[in-house]
Each structure stands twice: as C-alpha cells, then as structure tokens.
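Visitor: got a sequence here, can you model it:
(chains A and B)
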Amino acid sequence: MLDTIKLKYLQGRKYIKDIKNAPMKEQFRGFPIIKSGDIDCSCCPTGAISKNPNSIDMGKCTFCGNCKCDAVQFSNFYKLASINRDALIIKENMTPEEFEKIAIQSRREIKKIFSKSLKLRQVSAGGCNGCEMELNACSNANFDMGRFGIDFVASPRHADGIVITGAITKNMAYALEDCYKSVPNPKIVILAGSCAISGGIFQNSKEINREFINKYPIDLYIPGCPIHPLTFINAILNFIK
Amino acid sequence: MNWIKTENNKKINALEIPTISIEQMRSDLKEMKLRPVGFFGKQEFENVRLYVTLADDKQGKLYISSVLFTPDIKSYNSFTQDISQLHIFEREFYEEFKIEPKNHPWLKPLRKNQDEYPFFTMQGEDVHEVAVGPIHAGVIEPGHFRFMCQGEKVYNLEIMLGYQYKGIEDLFLKNPDNRLAESVCGDSVIAHNMAYSQVMEALSDTKIPERAQIIRRIALELERMAVHIGDMGAIAGDMAYLMGASIFGTTRTLVINTMLEITGSRFGRGLINTGGVNFDIDFEMSDKIRNVLDEVIKIVEKTTKTMLKSSSCISRMERTGTVSTETAYALGAVGMAARSSGINLDSRFDFKDRWYEKCPWEEDFKFTGDVYSRFKLRYKEVKQSARFIDDLLEELKDYEDGLKVPVGNLIRNAFVVSITEGWRGEVVHTAITGANAELIRYKIKDASFNNWYMLAMAVRNNGISDFPLCNKSFNLSYCANDL
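Guide: Numbering: from 1, shown residues only, chains lettered A, B, ... in the order given. Below you'll find the model as predicted:
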C-alpha cells in the first residue's frame, strides 16, 4: 500500500492543464497549408487532392505526407473538426485561423442539452483499430476527457450519441443501425477518422456499406488517420460548450 | 522432394513451385512436421491452386509447394484430422473457394454468412448462455462471443469473427500502397508496413540502404514497447489496480510521443515506404530516444515491482486463463502468446536477420501459460526492446548510406514470403506476380489468425468475470486478418 502511494507521489501530475491550447510537437502532420502551384495528385492513396485550384479533402486525407511539396505543407495545427462536410475541403491559402472560424458553430440547443455532460457510445465498424486506440487514449491520465463530463459508456441506452470509427463493413451495417436506434433521443452522431467520414483508404472495397451515413444526419466530422486525442477532445468541447 | 526450399524475403519463380497430389501433400505434411505459415488458394482460370508454405524455424528455412484442384474436385479429406494447426486455414480456404475439407471438426463460417452461423450449444437445466458483441462495452473492435456457462464457470467460448471483413487482400491487388499496409492493423503499423515493403522490395530486386533497415527495426521495437506497456496498463485496469492502469497509460504516451517526434504520427504512419524510410534519426534524436527510454524503463520497472508485491494482483493473474504447451502447439499458436506458453517461436531470431544477431533472446523466462506468464513476458520484452533500440542506435552511427532508393518495376512470375515479428507475433505477407508483372495474389496472415482459438481455450473452466482479463492478456486483433 505504502509503495503504491509512493509510486503516485513519484508519478506526479500528468494531465494536460489547458487542453484547448495544448502544445503540439512540430513534427505532427495536421492542418494542410495549400498554395497555388504544381501538385502531384497521383501520389495520394485516397484521392484527397484536387488540382487547379488546389485543394485537399481532410475527410479523405490519411495525413501520410506523401504529397509534401512547395504547394502543400502540413502544419501542426490539430483542431481539424467541422460540423460541415464541405468545410473539410481545404482550399488554397486557407489559414488555420480562417478554418477555425467556419468549422464549428455551436448550436444553442446542443449547448443547452449536452454542455455539462455528454455520454457517448463508440461503434467500431470496420477500421484498423487505430482510432479506437486513440479514443481510449482520450480517457487516460494525460488527456483525461472525463473532467469535462465527456465519457464513453458501455451501452447505447446510456448514451447521448454515437461515435463511429471505421469504413462500415457490410457485416457491421446492421449492428450499427441497431445501436443508433437504441440511443434515446435527442442524440448526436459523430464520425471519427477518415475511414468513417469517406471510407478513407478502404473506400474502394466491395465489402463496405455506407448507407448509414446517407440515411441519418451527421453532427460532427473529426478527421485524422488516426484522430489525435487532442483533435477529438477539442472538437467535442467546441461543439458542446 | 517436391518442395521448393527458400528463405524469408527471398524471391522465387512462381512457375517452379511444384504441383503435388492431395495424398502426397497429406503424407508430406505428416512426415515433415513443420509449422504451416501459409495455406491459401488462388484461382487459375477454372482451376484452384492451393499454395502451402511451411516454416522450419530451427533452420530458418521455408518450404513451398502446391496442389491443383480441377473444377471436378469439390471436396477432399481434411488435413486438420492429421495436422491440427491447419484448422482455421482450411476454414478460410473453404469459404473462399467452396472446396470442402471433409470431416473437418469445426467447419464454420469465418468471415461471411454470419446469419447462418451454427453455434455450439449445450443442453441442461443449469446451462446458461451469454452473448456479447459485436458492439462491446469498451472501445474495441467488433466480434461476437458466445459463452456457455454453468453459474460463473465458462464451459465453452465460441468466437464469431468477420465484422471487420473489408476484403483487404483484393484492395492490395487493385492499389498496392504503403498506406494500405499501414491500415491493415492500427496497432501493428510498422510490422505490417515492413512486411509489405519487404515483399515489394524482393519482388522488384531492390536493395535498400542499411541505415533504413536499422531505422525500421528501431521503429518496430518502439511499437512493441508501446503496445506492451499499454496492455500491461489494460491488464492492471481489468484487475482494478488503477494505479497501474494510469501509470502504464501515461508511460505508453511517452513512447508513442517519441514515435511522433520521429515520424509525425503517434503510431509511426508515414515512416516506411517501399525502398526505404522517409524520416531520419539524427544524433540529437538518438539522445532524446535514449533519455526517454531510460525514463520509461525506470517507471515500468518500479510500477511492475510494486504491482507484483500486491497479493490481490497476483491472485487475479496466477492460474487464470492457462493454456498448456500441448494445447498451444496443437492450435498452432505463434508469437508472444505462444512464448508465454512455452513454445519458443520468434521470427526475429528464427529467420536470419543480421540486426538481431547481436542481441539474442534470453532463455531464462519461466513460462506458466497463464495471464501472469503473459504479463511477465510483456515486461521482459519491454526491457529487451529498450536494449535492442540502444544497440541499434549505436549501430546507426556507422551507416551513412542514405535513407531510400528508387524502386524498380516488379518482376514477372515471382513468389515472395516475408515474415516480420510484430509485437503480437509473426506477420506473414505473401505475394505472387503474374505474367505481366502485376500482383495476382496477396495474402496476409497475422499472429491473431492462429491465436484466436487460444483465447477460447484459455477461458475454459475459468470464471466468466475473468474473461476481460484473459482477453486483454492476449489483446488479439480482428482487423489484422480481416476477421
């Protein structure tokens, strides 16, 4: 027992105090900065790049950095989420500040209902387990998402919304819809990661079934491959507070 | 003998692979007593060719042969009767090509037709059934578990997989890419990407710089450390030892943030490309890695020692989820889980790899096959990996031969098997090219493929409340084999 307390003392405080302005390592590939000029569309494994005018669709991007050139650079800005799918398409000369302004306009009714407590049910529907690990990391001692009243719960019946990761395989389509229907109203749907938003690297697979995305309203898009915990937590905070 | 002898990452001519009869295959499999690492079909016009790859782990060699099934052959006598390790391979082969292995003991769907899955049932007043999944209580991948219990005790666990089936092998044929290889399994990014790159480099006769080889292995060991530490935390969490869960959790963050500093991604995405690596590790970074790892090892040692002093932790782990050496062998277990049950398989050392020769596996590990054994093994491997990284960083100084080389075109009619030891166990990628130098078959086998049945055996006769603990001690992947 004494040893355990000693261990706690040695460990000290590990949480990130100011999560909204948490520093990010400069090597992190986040928000793409795009200029006019020649870019190579063929190097993109998911077809996220368009030419003339140049743009990158963050909903498809795997942030691999293959396309890095004079016209495309990746900044370490990590607040990439938006409530609008079209806003994820980053055009020439857009700065992170400009993107932040248009990305998330919080709605009054969402704030009213969810700002104190948001319980989410996560559905893993055919991804690679990367986003799931990062979502688990959101709840660890570093990021400690629970202090904002945001938590993952065990049952859809306890939840205010669902977080979908993965490209949604045919085999998971039914379970996903079932889970969505089990969540009591009012509820929100969050897509986390490129796979969930667009099919990502698996978009050409014959075994995926993305009807769910077209059938139900989506409230929040969080890009990343996988999503960084800071991206996820900040996205939710901006959305509900 | 009708087998081609080859090595890891070595290209052979696909047309030279011998064709033998089914009966010949059966007697060879029985006689050679080698471990199957590949057993998959390929459509050849109206015929189906079954490729079998066997590994001789002691000699570090691979043996390959094939059987041709003409359209009139609709079934054969299953090999599983004689070689139990093939049980899941035969199910996969049957599902893909509809050639039935007769008298297979467990011929159930693997990835498709889940609606018709015939569950094992038990009759009796005291028996009750617990169904879990595909959506689980935690934030994990989808899979369905069906427990047959009497009171708290589990008689049988049946695992139905296939929810993550994305047809990833077909995607490789359409659009082979390093990013796709990274997305095979999010916790073994480096292992799968390394195996894929080695396959493509062998298929195009590309020799990559030694510096890139070393950096790849440093990343592989970092990945191993990160996952092991994370899982030690998860095991602690499942035993309600929350101090362990939180400390191992934050310690894992230190390791993956180091990966972020090297590669720009917490899981090392974007590091490896066919032909080399994209990021260098300079002197400054080497020092940084060493300092971080020193700290990590210090914390892990202290926490583990404190944790193992607690009798309640020990009593939860000891004799929980035991898999005997015989069972593990019969199921064809590989990797970390097999090592914890006393089967010494590690492809880093079994197949010749000059970078691992200097830092051999130590034999002094006392296995017990239970959760405790798997926990201790992880602890040991974390420390071992830190030592490997230290040695590899030292080696790195002597090689200044660049980071990547251009990749040539693929060679026609070639066959390559590449085995890489991920943290979970061997990752086997096999590729075959056709007459126009295009990929015509791509096959992935992850350690989870062999080990899923180990989990089912581990929970037998344990309390159902110990299932999460057993599950976490294996931490098997669903997506890695598209299951």
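
Visitor: who's in contact with whichever residue of chain A sits closest to chain B?
Guide: Across chain A, no residue is closer to chain B than A:G130, which sits at 2.8 Å (C-beta to the nearest C-beta). C-betas here are computed from N, CA, C, even on glycine. Contacts of A:G130 were listed using C-beta atoms under 8 Å, 6 or more residues apart in numbering or on different chains, and they are A:G193, A:C225, A:P226, B:S183, B:G186, B:D187, B:V189, B:F267.

Visitor: how many neighbours does residue 201 have?
Guide: Using chain A. 29 (other C-beta atoms under 10 Å in any protein chain shown).

Visitor: sorry, I should have been clearer: chain B.
Guide: A count of nearby residues for B:E201, using other C-beta under 10 Å, gives 22.

Visitor: tell me if I'm right that it and B:P209 touch.
Guide: No. Look at B:E201 against B:P209 with C-beta atoms under 8 Å: they stay out of range, at 11.5 Å.

Visitor: what about chain B, which residue is the most distant from its middle?
Guide: Within chain B, the residue lying farthest from the chain centre (C-alpha atoms, centre = their mean) is B:E125, at 40.1 Å.

Visitor: all the strands of chain A, residue numbers only.
Guide: Using DSSP state E, the strands assigned to chain A run over residues A:32-34, A:49-50, A:55-57, A:72-74, A:89-91, A:118-124, A:150-152, A:161-165, A:188-192, A:220-222.

Visitor: can you lay out the contacts of A:G130 as JSON lines showing pLDDT, neighbour count and distance to B:S21?
Guide: Converted to JSON lines, the contacts of A:G130 look like this (pLDDT from 0 to 100; neighbours: other C-beta atoms under 10 Å in any protein chain shown; distance: C-beta to C-beta, whole Å):
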{"residue": "A:G193", "pLDDT": "95", "neighbour count": "32", "distance to B:S21": "48"}
{"residue": "A:C225", "pLDDT": "92", "neighbour count": "29", "distance to B:S21": "47"}
{"residue": "A:P226", "pLDDT": "93", "neighbour count": "31", "distance to B:S21": "48"}
{"residue": "B:S183", "pLDDT": "94", "neighbour count": "31", "distance to B:S21": "40"}
{"residue": "B:G186", "pLDDT": "93", "neighbour count": "26", "distance to B:S21": "42"}
{"residue": "B:D187", "pLDDT": "93", "neighbour count": "25", "distance to B:S21": "41"}
{"residue": "B:V189", "pLDDT": "96", "neighbour count": "30", "distance to B:S21": "41"}
{"residue": "B:F267", "pLDDT": "96", "neighbour count": "26", "distance to B:S21": "46"}
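
Visitor: start and end of stretch B:457-473, how far apart?
Guide: For stretch B:457-473, the first-to-last residue distance is 13 Å (C-alpha to C-alpha, to the nearest Å).

Visitor: and the pLDDT for the residue of chain A closest to chain B?
Guide: With respect to pLDDT, A:G130 scores 94.

Visitor: and what of B:E92?
Guide: Note on B:E92: pLDDT of 95.

Visitor: list phi and psi for it.
Guide: In terms of degrees, to the nearest 10, the main-chain angles of B:E92 are phi -60, psi -40.

Visitor: what's the nearest residue to it if we skip its chain neighbours?
Guide: With C-beta to C-beta, 6 or more residues apart in numbering or on different chains as the measure, B:L110 is the residue that lies nearest to B:E92, at 5.5 Å, once sequence neighbours are left out.

Visitor: residues touching the one you found, list them.
Guide: Taking C-beta under 8 Å, 6+ apart as the test, what B:L110 contacts is B:I88, B:R91, B:E92, B:E95, B:L161, B:G162, B:L483.

Visitor: and A:A81, by the same measure?
Guide: Taking C-beta under 8 Å, 6+ apart as the contact definition, A:A81 lies against A:A103, A:I104, A:L220, A:Y221, A:I222, A:P223, A:T231, A:F232, A:N234, A:A235, A:N238, A:F239.

Visitor: lowest-confidence one in the residues you listed?
Guide: Among the contacts of A:A81, A:I104 carries the lowest pLDDT, at 88.

Visitor: touching, it and A:A235? I think so.
Guide: Yes. Assessed by C-beta under 8 Å, A:I104 is found in contact with A:A235 at 7.2 Å.

Visitor: ok, residues contacting stretch B:392-399?
Guide: Residues outside stretch B:392-399 that contact it (C-beta under 8 Å, 6+ apart): B:209-211, B:214-215, B:217-218, B:221, B:281, B:286, B:289-290, B:355.

Visitor: out of the residues you listed, which comes closest to B:P134?
Guide: Comparing the contacts of stretch B:392-399 against B:P134 with C-beta to C-beta places B:E221 closest, at 33.2 Å.

Visitor: pretty sure B:K288 is in a helix, no?
Guide: Yes. The assignment for B:K288 (DSSP: H, G, I helix; E, B strand; the rest coil) places it in a helix.

Visitor: so which strand or helix has B:P105?
Guide: Under the assignment given by DSSP states H and E, B:P105 is not contained in any helix or strand.

Visitor: tell me who's in contact with the closest residue to it other than its chain neighbours.
Guide: Here the nearest residue to B:P105 in space, its sequence neighbours aside, is B:T80; by C-beta to C-beta, 6+ apart that works out to 6.4 Å. For B:T80, the contacting residues are B:L86, B:H87, B:E90, B:P101, B:H104, B:P105, by C-beta under 8 Å, 6+ apart.

Visitor: just A:R121 next, same as before
Guide: A:F152, A:V153, A:S155, A:P156, A:H158, A:A159, A:G161, A:I162, A:V163, A:C179, A:V183, B:I135.

Visitor: which of those residues has the largest number of neighbours?
Guide: Ranked by neighbour count (other C-beta under 10 Å), the contacts of A:R121 have A:V163 at the top, with 27 neighbours.

Visitor: okay but it is in contact with A:S124, surely?
Guide: No. Proximity of A:V163 to A:S124 does not meet the contact threshold set by C-beta under 8 Å, at 9.4 Å.

Visitor: from the contacts of stretch B:392-399, which two are the most distant?
Guide: Largest pairwise distance in the contacts of stretch B:392-399, by C-beta to C-beta, is 22.6 Å, between B:P209 and B:R290.

Visitor: those two: which is more packed in?
Guide: Remark: of B:P209 and B:R290, B:P209 carries more neighbours, 18 against 15, as counted by other C-beta under 10 Å.

Visitor: my guess is that one contacts B:G402. True?
Guide: Yes. Between B:P209 and B:G402 a contact is recorded at 4.7 Å, counting by C-beta under 8 Å.

Visitor: identify the contacts common to the two.
Guide: In the contact map built from C-beta under 8 Å, 6+ apart, the residues linked to both B:P209 and B:G402 are B:G276.

Visitor: now the residue lying closest to B:F93 once chain neighbours are set aside, what's its secondary structure?
Guide: Counting by C-beta to C-beta, 6+ apart, B:G41 is the residue found nearest to B:F93 once chain neighbours are left out, at 5.5 Å. The three-state label given to B:G41 by three-state DSSP is strand.

Visitor: B:G41 and B:E400: what is the separation?
Guide: For B:G41, the distance to B:E400 (C-beta to C-beta, to the nearest Å) stands at 46 Å.

Visitor: B:R35 now?
Guide: Looking at B:R35 against B:E400, where the rule is C-beta to C-beta, the gap reads 39 Å.

Visitor: mind checking pLDDT for B:Y356?
Guide: The predicted local distance difference test score for B:Y356 is 88.

Visitor: ok, it to chain A distance?
Guide: When distances are taken as C-beta to the nearest C-beta, to the nearest Å, B:Y356 and chain A turn out to be 27 Å apart.

Visitor: please save the CA atoms from the helix-or-strand element of chain A with minimal mean pLDDT in CSV.
Guide: Across the helices and strands of chain A, mean confidence by mean pLDDT, DSSP states H and E is lowest for helix A:2-11: a mean of 87. Output for helix A:2-11, consisting of C-alpha atoms alone and laid out as CSV, is shown next (Å, rounded to 0.1, in the frame of the first residue of the first chain):
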residue,chain,number,x,y,z
LEU,A,2,2.7,2.4,1.0
ASP,A,3,4.6,1.6,-2.1
THR,A,4,1.6,2.4,-4.2
ILE,A,5,1.3,5.8,-2.6
LYS,A,6,5.0,6.4,-3.1
LEU,A,7,4.5,5.5,-6.7
LYS,A,8,1.8,8.0,-7.0
TYR,A,9,4.0,10.7,-5.5
LEU,A,10,6.8,9.9,-7.9
GLN,A,11,4.4,9.9,-10.8
